[in-house]
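A.B. asks: Show me the folded form of this:
(chains A and B)
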Amino acid sequence: MFNRGKKRMLAVVLSTALSGAAQAKTDLTMYYPVAVGGSLTHVVDSIIADFEKQNPDIDVKAIYAGNYNDARVKALAALQSGQPAQLSVMFSIDVHELMDLDAIIPFDEVATSDEDKTWLNSFYPALMKNGQVKGKTWGIPFQRSTIVMYYNKDMFRAAGLDADHAPKNWDELVDMGKKLTKKDASGQVTQWGAMIPSTGYPYWMFGALTKQNSQVLMNQAGTETYFDKPAVIEALSFWKSLGSEHKIMPEGTIQWGTLRQNFLEQKTAIMWHSTGNLTAVKKSANFDFGVAMLPANKELGSPTGGGNFYLFKKSTPEERQAALKLVKFMTAPEQAAKWSIETGYMGVSPAAYNTDALQRYVKTFPPAAIARDQLEYATAELATHQAGRVRKLLDDAIQATLTNQKSAEDALKHAQQQAERVLKRFE
Amino acid sequence: MKLNMPRHQQIYAWLLLFPALALLAAFTHIPMIKTLWRSFTSSGMQNNTGFTLDNYRYLLEDDVFWQVLSNSLWYAAVTVPVSMILALAMALWVNGKIRGRSALRLAYFTPTILPMITVANIWLFFYTPEIGLFNNILGWFGHSGYNWLGDPDLSLFSLMLMTIWKEAGFFMIFYLAALQGISRDFYQAAAIEGSSRWTTLRRITLPLLMPTTLFVLINAFLNAFKLVDHLFILTKGGPNNATNLLLYYIYENAFSFFDAAYASVLTVVLLSILVVLAVFQFGVIERRVHYR
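C.D. replies: From the prediction side, this is the model:
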């Protein structure tokens, strides 16, 4: 590593020394987050190295910047202090705020040729929903996920259920959950039917329940929320009833951070979690597990999640073209396939799933395709102006309901009122 | 007061003070003044939007702020005295002539060595309802256990418990050092006078420990407001703000909500609390502290 750094420094020194004679190089700086553990930085490094080999006139500095929040803070801080940054991977739902800060430009301004336009349309439409605002494309999908249902097949068999039939709808979830919930002699639960995490990203999990109830949480422009719609209140009541009424899930909140361990130690038969956990579960589960789409009520559904590429405004035309080239390279089918296999994130385009590599992988490990199949029913993740504040309003409402502090209706009506107040100046 | 120092010595003194002063000014005083200025003149991420009281008006209407403030005060009011009393008790205990004294001292000090983030990650699994240590222990006694972090009535208490565990060992070290600095003569004199152990503790040990107590008290209060690393791991301020503390709320506003203006207002509140505490501690309590 150190050696490589030295070599690179030498190369930089040499190239600056020779640059009078040789053509000028374009330097790009890119920030990116990793939300699921550190080793992914190697994958990014190797993709970048391949890119530089193919494009000797472009130098890329890819900077790992922590989680999504950190990456956004670091990239914006760099821009404000005059440091160069031409592109970054950031949370797909940051789009409205990045636009409000006047920090990014739409890809349509840079990708102007016919070939470019075809490329813009080559991604799964569901993954573009969080990136398209006001008829323009501001974010290109890179590390993207959905929520899937992991279930313990051994427990299904022990409870006399068909191990290849995961619950397909809410009623089945409750019925099967009851059969899967076990108590000991003193009446204490030793095994829960299902767990849906309600810390960390409650609004994300809730987005799945509302989509399944045929209601989105906000408009595409990010200026309105629909927290107090009857279908939303019904979805939250259903979530709460799993614990309070049906007793197939613990009451109170369930920790995002320890849920995977609960599943691996067989304390719950079913968990809802990000596809990003797939590889980790695959490596550690010492029982037979399955992965399925989330159950439907009125329809199937899950929000998408994860990070998009953005182009920053503070850049020269040459830098923008170079940045576009890099984004195209990193989202090309072969790279997307490689990325998906090594991380568990989705291949971002249908073409990625048509590559030999990914087809072979899906054949040996079918759960890897569930996230893709579910994309057809996916909706955008909650994204509005003032996204952080609005998200927290909904998170608080969900937690207040699940912990019995408020009824679903009161909590959501309050959240809607507050959200309307926050969003008033963006209408 | 006029200093009778030759001119070249005064310059020398200023030169010695300069590095620290420059650093303090650059990273403490100027940012403080800027924060105060911003809290009155900005809105969201935009600066210099003209003088406004809107940010402060929002503060008064913000239910979450009031809850966060009360959480923070409770958090300090409980963790500071409890960890100090524990620290003193532990120090007296390991200062005595007992077997395995060094091992015991090390054991009490261990939590301090660990970074808060690590501690939080460990305790996260202690607190987890189904697989956690605490509920397993309760399970032996036939108790069904608690949802430590997920129950709003319990979660702040759970955070306090962890903080006390983490902080008490640190404060113990100060008390231990102070105890060893007390001359044996006092105790011998007390023994000759036939003083009881309780009287010795109350009339000799505790008064002589007062300077340390003041120091620890100040640090404990500062830490209670400054240390929020564990929130990122354990609860993120939830459920429904039950464990949200002032500094974490400032972080949320500045970096999740992009609302630098409101974050400035909250910072001003935090600074005011700390200033009041400092004035109280140095102005009122210090007068009653006996320095040798």
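A.B. asks: Name the residues of stretch B:28-42 that are buried.
C.D. replies: B:35, B:38-42 (16 or more other Cβ atoms under 10 Å in any protein chain shown). C-beta coordinates here come from the backbone N, C-alpha and C atoms, glycine included.
A.B. asks: can you list contacts of it?
C.D. replies: By Cβ atoms under 8 Å, 6 or more residues apart in numbering or on different chains, the residues outside stretch B:28-42 that reach it are B:47-53, B:55-56, B:260-261, B:264-265, B:267-268, B:271.
A.B. asks: right, and the pair among the buried residues of stretch B:28-42 with maximum separation?
C.D. replies: Spatial extent of these (Cβ to Cβ) is set by the pair B:Thr35 and B:Thr41 at 11.1 Å.
A.B. asks: And the residue lying closest to A:Thr181 once chain neighbours are set aside, which helix or strand is it part of?
C.D. replies: Excluding the flanking residues, the one nearest A:Thr181 by Cβ to Cβ, 6 or more residues apart in numbering or on different chains is A:Gly193, at 4.3 Å. Element membership for A:Gly193 (DSSP states H and E) is strand A:189-195.
A.B. asks: A:Glu97 too?
C.D. replies: helix A:95-100.
A.B. asks: what's downstream of that helix, the next helix or strand?
C.D. replies: Trace forward from helix A:95-100 with DSSP H and E and the next one is strand A:104-105.
A.B. asks: Would you mind checking the average pLDDT for that next one?
C.D. replies: The average of the pLDDT scores along strand A:104-105 is 94.
A.B. asks: ok, which stretches of the stretch 151-300 of chain A are strands?
C.D. replies: A:182-183, A:189-195, A:268-274, A:289-292 (DSSP state E, counting those that start in this stretch).
A.B. asks: How about the first one and chain B, touching?
C.D. replies: No. Judged by Cβ under 8 Å from any Cβ of the partner chain, strand A:182-183 stays clear of chain B, getting no closer than 10.4 Å.
A.B. asks: and that strand, which strands flank it?
C.D. replies: Strand A:182-183 sits in its sheet next to strand A:189-195 (antiparallel), going by DSSP bridges.
A.B. asks: B:Leu176: what's it in contact with?
C.D. replies: Counted by Cβ under 8 Å, 6+ apart, B:Leu176 has contacts B:91, B:94-95, B:105.
A.B. asks: what's the burial count for A:Val362?
C.D. replies: 18 (other Cβ atoms under 10 Å in any protein chain shown).
A.B. asks: residues contacting it?
C.D. replies: A:353, A:368-369.
A.B. asks: any idea which helix or strand carries it?
C.D. replies: With DSSP H and E as criterion, A:Val362 is part of helix A:356-364.
A.B. asks: Going by neighbour count, which residues in that helix are buried?
C.D. replies: A:358, A:361-362.
A.B. asks: again, but for stretch A:25-43
C.D. replies: In stretch A:25-43, counting by 16+ other Cβ under 10 Å, buried: A:25-26, A:28-36, A:40, A:43.
A.B. asks: okay, that stretch in PDB with CA atoms only?
C.D. replies: Below are the C-alpha coordinates for stretch A:25-43, written out as PDB (Å, rounded to 0.1, in the frame of the first residue of the first chain):
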ATOM      1  CA  LYS A  25      -4.000  15.600 -17.400                       C
ATOM      2  CA  THR A  26      -7.500  15.900 -16.000                       C
ATOM      3  CA  ASP A  27      -7.600  15.400 -12.200                       C
ATOM      4  CA  LEU A  28     -10.800  14.200 -10.600                       C
ATOM      5  CA  THR A  29     -11.600  13.900  -6.900                       C
ATOM      6  CA  MET A  30     -14.400  11.700  -5.800                       C
ATOM      7  CA  TYR A  31     -15.800  11.000  -2.300                       C
ATOM      8  CA  TYR A  32     -17.700   7.800  -1.700                       C
ATOM      9  CA  PRO A  33     -19.300   6.200   1.400                       C
ATOM     10  CA  VAL A  34     -19.400   2.500   2.400                       C
ATOM     11  CA  ALA A  35     -22.300   1.700   4.700                       C
ATOM     12  CA  VAL A  36     -21.800  -2.000   5.200                       C
ATOM     13  CA  GLY A  37     -18.200  -2.500   6.300                       C
ATOM     14  CA  GLY A  38     -14.700  -1.600   5.300                       C
ATOM     15  CA  SER A  39     -13.300  -4.100   2.800                       C
ATOM     16  CA  LEU A  40     -15.400  -2.700   0.000                       C
ATOM     17  CA  THR A  41     -12.800   0.100  -0.400                       C
ATOM     18  CA  HIS A  42     -10.600  -2.400  -2.200                       C
ATOM     19  CA  VAL A  43     -13.300  -3.100  -4.700                       C
END
